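**Q** Below are the sequence and a predicted model for it; my questions follow.
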Amino acid sequence: MSAPLRARDRASGPAEARPAAPRGVAATRPRGKPSAGPAAQLLAAFRKDLLLSWRSRAQAMAVVVFGATALLLLSFAVGPDAASLRRFAGGFLWVALLFSSTLALAESFRAEGEQKALEGLLLLAASPVSLFYGKALANWLQLLLVGIGLLPILVVLYDPDLSRMPALAGLLALGSAALSAPGTLYAGMASQVRAQQVLLPLLLFPLVVPVLLAAVKASSLLLLGDPMGQAGAWALLLAAFNGIYWPLCGLLFSTVIEE
Amino acid sequence: MAFDVLPQPSPRAPRVAAALLAASAALLAVGSYIGLFVAPPEHYMGEVQRIMYVHVPTAWNAMLALTFAFVSALFVLFKQDWRWDARLEAWLEIGVILSFLLCAQGSIWAKPTWGVWWDWDPRLTTTAVLCFAFVGILALRRFVEDPVKRATWSAVATIVAYVDVPIVYFSVKWWNSLHQTQSTPQTVASSMVTPLRINAFGVLFLMAGLAILRSQLARRKLAAELAPPLPESNRLEPTGGVA
Amino acid sequence: MTGGIVVGGWEFVWAAYGLTFVALGAYGASLALRLRALGEHSREERGAREARDDGIGPASVGSIPSPARAERRSAEEEQ
């Protein structure tokens, strides 16, 4: 095995018989620049998490199916009365999304936890802040897609007003962002302990009560009629929650994953 | 390195705690006596209103306890000192107990007044949400075995939950304002202020004394965890004394 | 007097006060007991360690009978 290699070394001149390491390092780093800045790290982390989600898209589909099952069960809790179902459509959508989010958020750290990849990323001088925002953005996208995936089931079971679906999608974007920021922080904690399935909802659910209230209120107003135009104010509350928690969770994430 | 000084129990602490607890017992006895037997019954609510003399002090001190927990959490993250982790544990537990008592008192007050055990009053509902949130943080402390992680993670969770308090209050108040007209009374007549203030200080001293004891307990448990006592291995050695 | 006034209700008052003081008192008592148990255990341990370090022959081996030591150790585990 080693003989042909040595023959090759002997054949090449002394100028080329340098050890491979310096050449490899010079090849990976752009000349004169330090390691990638935070924005590039963020994008890289975002791409990595999207790729991971895409590779486990069967799991993502299962999360949507879980949410749909939750919607079905909630409608059984109310009964076949169409008027009540229409009244509760907004509330049930968000409860189903909240339950699904625990699965999706826990899943986002599973691959890294199993492969011990998080320590590796930190050793490569990746800033934890960029890691957090990359992952939180990817989780946001995933939760939004789950929410949109639930909309057809919502339409079939609860018979809401179809013209309001685009506005509802906008609310889903705001609400899933509000779930994603603290959810990613807590999922980072939960993934490192044994009782993870219980810990994430236990910590997350009381925290996101304002998100649930605002999203349910706004959704119900959208679907059932908003004579006083209050839906915008609830959406503003959601935006404020996002404005507070996206910076705060990013700041705190580094303490959660350092060894 | 952070978190490197082993926490030592303080020798004066039990005496300070005992003094605080004795003072609180006296204050609460006096305040409750005045509130129960001396103060006049309120016009509309009758005798049930006397619950206020223990409910309002509990409310003030529950919020204070959770605020102390928040401050301790900040110190844990910035100072990385085990003593602050012990204080955090103490204030978290006391805050949860007081919040739970607050919800129970509110329930007992609501039943004769409104006929229901829960009236979705914004302040009480916020307290209920807080109770769940901080119980979750206590559970987090149970589930994490590494002491450094336990300290930093529960500090992070406390900060995140405490920042949420005004948001929860505002959203519940707004959510409820469309339906509800009744709420717990805000104004207190002057004849009722005295027992209220006495009991408020009584619960404050009680809380402080309990926190000192709980924090000392936490320090000892931490010390045992971080530097466990040497195992008794002498039974295997021959009885001739040291070699 | 017209309606809207709550009559009686002393049992609710006693329930509220009783629950509050009993709960806080029980918590305080449990803290005091746990602290005392931990304090005793560490004092006994320190005593045993000192006896060992002094090199006193028989005292270094099983000076405190094992059932008592096991009992105290299990009491400490319960905290």
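**A** Yes, it's here. Residues are numbered from 1 along each chain as shown, chains lettered A, B, ... in the order given.

**Q** C-alpha only now, for contacts and for neighbours.
**A** OK.

**Q** how far does stretch A:250-258 sit from the chain's center?
**A** 16 Å (Cα atoms, centre = their mean, to the nearest Å).

**Q** How about residues contacting it?
**A** A:118, A:128-129, A:132-133, A:185, A:188-189, B:149, B:152-153, B:156 (Cα atoms under 8 Å, 6 or more residues apart in numbering or on different chains).

**Q** which of the residues in that stretch are buried?
**A** A:250, A:252-254, A:256-257 (16 or more other Cα atoms under 10 Å in any protein chain shown).

**Q** Stretch A:166-186 too?
**A** For stretch A:166-186, by 16+ other Cα under 10 Å, it's A:168-169, A:171-186.

**Q** now, which of these lie within strands?
**A** Applying DSSP state E to the buried residues of stretch A:166-186, no entry is found in strands.

**Q** so who does B:Val165 touch?
**A** Applying Cα under 8 Å, 6+ apart, we find B:Val165 in contact with B:126, B:130.

**Q** Mind checking the pLDDT average for the helix or strand containing it?
**A** Using DSSP states H and E, B:Val165 falls within helix B:147-177. Mean pLDDT, helix B:147-177: 93.

**Q** Just give me how far that helix sits from the chain centre.
**A** Distance, centroid of helix B:147-177 to centroid of chain: 15 Å (Cα atoms, centre = their mean).

**Q** Name the next helix or strand following the longest helix seen in chain A along the chain.
**A** In terms of residue count, the longest helix belonging to chain A (DSSP state H) is helix A:82-115. Remark: after helix A:82-115, the chain's next helix or strand is helix A:117-123, criterion DSSP H and E.

**Q** So for the longest helix along chain C, mean pLDDT?
**A** The longest helix of chain C (DSSP H) is helix C:10-53. Average pLDDT, helix C:10-53: 85.

**Q** what about that helix and chain B, touching?
**A** Yes - using Cα under 8 Å from any Cα of the partner chain, we find that helix C:10-53 touches chain B at C:10, C:12-13, C:15-17, C:19-20, C:28, C:31-32, C:34-35, C:38.

**Q** list the helices and strands that helix packs on?
**A** helix B:82-114, helix B:193-226, helix C:66-77 (3 or more Cα pairs under 8 Å, 6 or more residues apart in numbering or on different chains; DSSP states H and E).

**Q** what distance separates the first one from the middle of the whole chain?
**A** Centroid separation for helix B:82-114 versus its chain: 5 Å, with Cα atoms, centre = their mean.

**Q** before we move on, the earlier item: pick the most buried one from the helices and strands packed on helix C:10-53.
**A** Scoring those by mean neighbour count under mean count of other Cα atoms under 10 Å in any protein chain shown gives helix B:82-114 as the most buried, with a mean of 24.

**Q** what is the orientation angle of the next helix or strand after that one with helix B:147-177?
**A** Reading on from helix B:82-114 to the C-terminus, the next helix or strand found by DSSP H and E is helix B:122-143. Relative orientation of helix B:122-143 versus helix B:147-177 (axes from the mean of the first three to the mean of the last three Cα atoms, to 10 degrees): 160 degrees.

**Q** now check helix B:122-143, is it near chain C?
**A** No - using Cα under 8 Å from any Cα, helix B:122-143 stays clear of chain C, with a minimum separation of 12.7 Å.

**Q** Checking that helix against chain A, do any of its residues make contact.
**A** Yes - residues of helix B:122-143 are located near chain A by Cα under 8 Å from any Cα, namely B:129-130, B:132-133, B:136-137, B:139-140, B:143.

**Q** Let's have these in TSV, adding pLDDT.
**A** Listed next are the residues of helix B:122-143 next to chain A as TSV, based on pLDDT from 0 to 100:
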residue	pLDDT
B:Val129	96
B:Leu130	96
B:Phe132	97
B:Ala133	97
B:Gly136	96
B:Ile137	97
B:Ala139	94
B:Leu140	95
B:Phe143	91
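
**Q** Can you pull the residues of chain B lying near chain A?
**A** Proximity of chain B to chain A, by Cα under 8 Å from any Cα, involves residues B:129-130, B:132-133, B:136-137, B:139-140, B:143-144, B:149, B:152-153, B:156, B:160-161, B:164, B:167-168, B:171-172, B:175.
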